[in-house]
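> Give me coordinates for this.
(4 chains)
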Amino acid sequence: MSVLHIVNRSPCESRSLELCLARAAAGDTVLLIENAVYAAMRDSIAARQIETALGRIAVCVLEPDLAARGFAAAAPLEGIARIDYAGFVELSVAHRAALSWC
Amino acid sequence: MNKNVLFIMRRAPHAGNHAHETLDAVMTVAAFDQSVRVLFVDDGVFQLKKDQDPAAIGLKHVAPWFQALRIYGVHELFVEAESLSERSLGEDDLSLPVQLLQRDQIAGLLGSQDVILTS
Amino acid sequence: MKFAIQVNSSPYQSQASATAYQFVETALRKGHQVVRVFFYHEGIYNGLHDAASADDDWSIARCWSALAKDHDIDLVLCISAAQQRGLPVAETAGHTGKAESNVAEGFHLAGLGQWVDAIITADRVVSFGG
Amino acid sequence: MREGMLPSTTDAGFLVDVEDWSEEIAEILAARLALQLTEAHWDIIRFMRAYYLQFNHLPNARLFTKAVENEFGKEKGNSRYLYRLFPDGPLKCACLIAGLPKPPSCI
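Prediction:
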């Protein structure tokens, strides 16, 4: 059964995203929220890690958190889906367990 | 109803009373007859370091609390091997017997849980 | 679906409480149930009365209180976590769920047993902050 | 031993120093709660004290009952039995008489 991984820390401040990606299973979803949305930007410090993981793992970013930080118009890394809070709720329904890497 | 509940400890000890409150939650969930497991990864492995003595820093000695987990039926303690080696620790440095998991085995553990709580 | 939600950070420490609020509000709007929101660790600061002093101060406690009122959801502050952080808790508070003062409308005090009960009842458990 | 020889206690009546405890002191502390200690009380009090000294941990009420059940079985590890022994609250009274700090509130 798949797991929804929720990451909320900036990749410049914390290794949470990297460590989460290293432990996520194929078919899991990683959702970037709060300061972790900075990881979703092209050329971010975490861009290569995310690109490597994308084949196995779905990666989503929470749109309102991008907008709050001035990135509403910016395109995230290719392959990352933008979702809203309704999408967040749907993801948590679709996965058996949610894990917050805070 | 019985659920598989996994607690993940990722923080080093002596950071406020976080470990203390997390252990209260671990024990209480177990006392309600749920299947509780604890996974130590990242700096959380330092929680199990032997010979901790926080007297000089004026903090409560929480390390012995881990020994009390068995009283409440929590017997499955997992430690990620890479988290230990990245911190120059080995199994001998730990205060309790644990099951070692390789990093690529963690996904399997996570995937078999109904509830995952981190702290 | 039935959700149990845990909030572990104070409103002045991180965005986690605000995210949890948006999540809960959306889940309710989409027809899901929220069995209980349990405030643990630093999360108990979300339920203090008058946490925002000026009327125009943003107050997550007020948002949670309004949500509790509109949707009749159970907002629980962990009694021992609250007591350790200085909230005056009467000897009987654990039984009545009421603190003498300082707890915002819609919140009440209860023990970890209430959280376990929520975990057991819910289909999904999501925690925020820590 | 008389009441006047009791070591210092907190406002709630708990010993300030865990080390000050003896079985005689326990009798005085129990008398203050109007409890006449029987062997059944002593089982719980000695167990609680050993638990605390070993683990440095004070359980909440639910954990206390579970720990007693683990040690003595279900016929003692239930709140009806424990309340019969300690009508003013089993965990609080057992900790007080065992010379331990005040336990946390729970449930």
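> Only C-alpha atoms from now on, for both contacts and neighbour counts.
OK.
> residues near residue D:40, how many?
Using other C-alpha atoms under 10 Å in any protein chain shown, residue D:40 has 11 neighbouring residues.
> Spatially nearest residue to it, not counting backbone neighbours?
Leaving aside its sequence neighbours, residue D:40 sits nearest to residue D:85 (C-alpha to C-alpha, 6 or more residues apart in numbering or on different chains; 7.7 Å).
> So which residues of the chain form helices?
No chain was given, so I picked chain A. A:16-23, A:47-53, A:63-68, A:85-94 (DSSP state H).
> ah, no, chain B please
Assigned by DSSP H, the helices in chain B fall at B:18-31, B:65-68, B:81-85, B:103-111.
> Among these, which comes closest to chain D?
With C-alpha to the nearest C-alpha as the measure, helix B:65-68 is the member of the helices of chain B nearest chain D (5.2 Å).
> helices or strands next to that closest one in the packing?
With contacts taken as 3 or more C-alpha pairs under 8 Å, 6 or more residues apart in numbering or on different chains; DSSP states H and E, helix B:65-68 sits against helix D:39-55.
> residues of the helix it packs on that come out buried?
By neighbour count on 16 or more other C-alpha atoms under 10 Å in any protein chain shown, the buried set for helix D:39-55 is D:41-42, D:44-49, D:51-52, D:55.
> would you turn these into TSV with distance to residue C:64?
Listed next are the buried residues of helix D:39-55 as TSV, based on distance: C-alpha to C-alpha, whole Å:
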residue	distance to residue C:64
D:41	45
D:42	47
D:44	43
D:45	43
D:46	45
D:47	43
D:48	40
D:49	42
D:51	40
D:52	39
D:55	38
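> now, among the residues you listed, which is nearest to chain B?
Closest approach to chain B among those (C-alpha to the nearest C-alpha): residue D:55, at 4.9 Å.
> My understanding was that the closest one contacts residue B:69; is that so?
No - applying C-alpha atoms under 8 Å as the test, residue D:55 and residue B:69 come out as separate, 9.7 Å apart.
> Give the burial count for residue C:23, as a bare number.
Number of residues near residue C:23 (other C-alpha under 10 Å) recorded here: 21.
> who does the strand or helix carrying it touch, helix- and strand-wise?
Assigned by DSSP states H and E, residue C:23 belongs to helix C:16-29. Judged by 3+ C-alpha pairs under 8 Å, 6+ apart, helix C:16-29 is in contact with helix A:85-94, strand C:2-7, strand C:33-39, helix C:60-71, strand C:124-128.
> For residue A:75, list the residues it contacts.
Residues in contact with residue A:75 (C-alpha atoms under 8 Å, 6 or more residues apart in numbering or on different chains) are A:41-42.
> brain fart, residue C:127
The contact partners of residue C:127, taken as C-alpha under 8 Å, 6+ apart, are A:98-100, B:117, C:5-8.
> quick one on the thing from earlier: could you dump the buried residues of helix D:39-55 into a markdown table with pLDDT and distance to residue C:39 added?
Below are those laid out as a markdown table (pLDDT from 0 to 100; distance: C-alpha to C-alpha, whole Å):
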| residue | pLDDT | distance to residue C:39 |
| --- | --- | --- |
| D:41 | 97 | 36 |
| D:42 | 98 | 37 |
| D:44 | 98 | 33 |
| D:45 | 98 | 33 |
| D:46 | 98 | 35 |
| D:47 | 98 | 33 |
| D:48 | 97 | 29 |
| D:49 | 98 | 31 |
| D:51 | 97 | 29 |
| D:52 | 97 | 28 |
| D:55 | 95 | 27 |
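> which among these gets closest to residue A:11?
Closest approach to residue A:11 among the buried residues of helix D:39-55 (C-alpha to C-alpha): residue D:55, at 38.0 Å.
> roughly how far apart are the closest one and chain A?
Using C-alpha to the nearest C-alpha, to the nearest Å, we find residue D:55 at a distance of 29 Å from chain A.
> tell me the contacts of that residue?
Contacts for residue D:55 (C-alpha under 8 Å, 6+ apart) come out as B:64-65, B:67-68.
> just to revisit the earlier point, could I get the helices of chain A in a markdown table, plus columns for mean pLDDT and mean neighbour count?
Shown next, in a markdown table, are those (pLDDT from 0 to 100; neighbours: other C-alpha atoms under 10 Å in any protein chain shown):
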| stretch | mean pLDDT | mean neighbour count |
| --- | --- | --- |
| helix A:16-23 | 97 | 18 |
| helix A:47-53 | 96 | 16 |
| helix A:63-68 | 97 | 18 |
| helix A:85-94 | 98 | 18 |
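> any idea of the mean pLDDT in stretch C:42-58?
Mean per-residue pLDDT for stretch C:42-58: 76.
> Okay, now the unreliable bits of chain D?
For chain D, the stretches flagged by pLDDT under 70 are D:1-3, D:105-107.
> can we see that at 50?
Scanning chain D for pLDDT under 50 picks out D:106-107.
> Please report how far the most centrally placed residue in it lies from chain B.
In chain D, the centroid-proximal residue (C-alpha atoms, centre = their mean) is residue D:94; its distance is 1.5 Å. Using C-alpha to the nearest C-alpha, residue D:94 is found at 18 Å from chain B.
> Is the helix or strand hosting that residue positioned near chain C?
Assigned by DSSP H and E, residue D:94 belongs to helix D:90-97. No - using C-alpha under 8 Å from any C-alpha of the partner chain, we find that helix D:90-97 stays clear of chain C, coming within 11.0 Å at best.
> Count residues in the vicinity of residue B:53, would you?
Residue B:53 has 13 neighbouring residues, counting by other C-alpha under 10 Å.
> quick one: the strands in chain B?
Along chain B, counting by DSSP state E, strands occupy B:4-9, B:35-40, B:76-80, B:99-101, B:115-118.
> Which one of those strands lies nearest to chain D?
Chain D lies closest to strand B:35-40 among these, at 14.4 Å (C-alpha to the nearest C-alpha).
> quick one: average pLDDT of that closest one?
Mean per-residue pLDDT for strand B:35-40: 98.
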